[in-house]
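Enquirer: Please work out how this folds:
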Amino acid sequence: MDIYSKRLPTIKQLQYFVAVCDELSFTGAAKKLGISQPPLSTQIKNLEETLQSPLFLRNTHNIVLTNEGEILKLKAKQLLNDLCSIVKSTSNDEKVLIGTTKTLSFDYIPYFKTFLTEFADETEIYKHNYTSKELQLELHKGNIDFAIVSDARDFTENSLLIYQEPLTLVLPVNHPCSKQDKVNLNDVLDLPLFWFKQHSNPLFYDQCEQVFNSLNHPLQRRTELADNLSMLLEVALGNAMMLLPQSMAQAKVDGVTYKKLISNQDKKLKINIYLIWRKNLKMTAINQAIINYFQQN
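Expert: This is a model prediction of the structure:
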């Protein structure tokens, strides 16, 4: 007998057979397969006729595998598992998982909206509420394929600088500088700044320190609160100011105004955003296309 023989069992027959083996019940197997019992019984009968061997001993209460059935059970399971692996390795249906740092609001960045639209059928966005550090850990674990983050220190060979996000100054509306189109940080040193801890993003922290240290007077800092809304309400009361990524400065809060920084401060305070990927990432056509997209844009 060769591989083209019409006497070979079908995949469906083997699937039905394995389901009966697992459940030791035609009723249970039919439920597992999502079919009615009569076609299941027919397929098993056809399989036994094809193999010219009984596979089950059964009465009204019990089902027991014959010796031939036990041998086929092992081989059929291995064959079906191998087939699943082949399909998985060659299928294009599995989506590429991309993590996006919660530092930015990607819905408000046209550059990323265009990317996500163009690759909508091939990609899936991983959990949104992750920091860059947490996404790096997810990459190391192999839980995601790519990440868009603000820190790529551990991925120097597997990263691209793809975007720079400006910072927006958030002021109380009653501050004198709220009437200006662009604000110099030297003119708002009367307010403390809500600011993050150095360990959360050392590179960007040091980048900002160079600007802050060049100001006319020391800049007061306040530890960030649990969420942006709480800090915005403090700003509205005149108790502080904020520097937010431009895409995160969307909430409309009474008593708060959003302002651009003067040119030389704006240029130095942009957040570098990187595409990073797993070091053992298989370079499929779609993975390469994602990297190429950002290289070319």
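Enquirer: As a check, name the ranges of all helices in the stretch 1-150 of the chain.
Expert: Secondary structure of the stretch 1-150 of the chain (DSSP state H, counting those that start in this stretch): helices at 11-23, 26-33, 37-51, 67-90, 110-118, 132-141.
Enquirer: Make TSV out of those and add mean pLDDT, distance to residue 295 and mean neighbour count.
Expert: No exception for glycine: its C-beta is placed from N, CA and C like everyone else's. What follows is those, written out as TSV (pLDDT from 0 to 100; distance: least, C-beta to C-beta, whole Å; neighbours: other C-beta atoms under 10 Å):
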stretch	mean pLDDT	distance to residue 295	mean neighbour count
helix 11-23	93	42	19
helix 26-33	89	47	17
helix 37-51	92	52	16
helix 67-90	87	27	13
helix 110-118	89	12	13
helix 132-141	90	19	18
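Enquirer: need the ones you listed in TSV with distance to residue 254, can you?
Expert: Shown next, in TSV, are those (distance: least, C-beta to C-beta, whole Å):
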stretch	distance to residue 254
helix 11-23	62
helix 26-33	58
helix 37-51	66
helix 67-90	54
helix 110-118	28
helix 132-141	32
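Enquirer: Give me the most central residue, the chain.
Expert: Central residue of the chain (C-alpha atoms, centre = their mean): residue 126, 2.0 Å from the mean position.
Enquirer: what stretches of the stretch 51-200 of the chain score poorly on pLDDT?
Expert: 88-93 (pLDDT under 70).
Enquirer: show me the contacts for the closest residue to residue 269 other than its chain neighbours.
Expert: Nearest residue to residue 269, sequence neighbours excluded (C-beta to C-beta, 6 or more residues apart in numbering): residue 167, at 4.7 Å. Contact partners of residue 167, counting by C-beta atoms under 8 Å, 6 or more residues apart in numbering, are 243-246, 261, 266, 269-271.
Enquirer: And the nearest residue to residue 11 once chain neighbours are set aside, how close does it get to residue 95?
Expert: Excluding its sequence neighbours, the residue lying closest to residue 11 (C-beta to C-beta, 6+ apart) is residue 83, at 7.2 Å. Residue 83 sits at a distance of 22 Å from residue 95 (criterion: C-beta to C-beta, to the nearest Å).
Enquirer: again, but for residue 130
Expert: Residue 130 is 18 Å from residue 95, by C-beta to C-beta.
Enquirer: same thing with residue 220?
Expert: 46 Å.
Enquirer: now do residue 244
Expert: 31 Å.
Enquirer: Equivalent analysis for residue 84, please.
Expert: 18 Å.
Enquirer: Verify the stated contact: residue 98 with residue 128.
Expert: No. Applying C-beta atoms under 8 Å as the test, residue 98 and residue 128 come out as separate, 11.0 Å apart.
Enquirer: With neighbour numbers in mind, choose between those two.
Expert: residue 98 (21 against 11; other C-beta atoms under 10 Å).
Enquirer: which residues pair with the residue nearest to residue 269 across the strands?
Expert: residue 245 (DSSP bridges).
Enquirer: Can you give me the distance of it to residue 42?
Expert: The value you get for residue 167 to residue 42, if C-beta to C-beta is used, is 69 Å.
Enquirer: One more: residue 138?
Expert: Residue 138 sits 47 Å away from residue 42, taking C-beta to C-beta as the criterion.
Enquirer: Likewise for residue 56?
Expert: As judged by C-beta to C-beta, residue 56 and residue 42 stand 14 Å apart.
Enquirer: Kindly report the same for residue 244.
Expert: Taking C-beta to C-beta, one finds residue 244 at 66 Å from residue 42.
Enquirer: can you check residue 59 too?
Expert: From residue 59 to residue 42 the distance is 19 Å (C-beta to C-beta).
Enquirer: what about residue 94, how many residues close to it?
Expert: Around residue 94 there are 12 residues (other C-beta under 10 Å).
Enquirer: let me redo that: residue 5
Expert: The burial count for residue 5: 7, using other C-beta under 10 Å.
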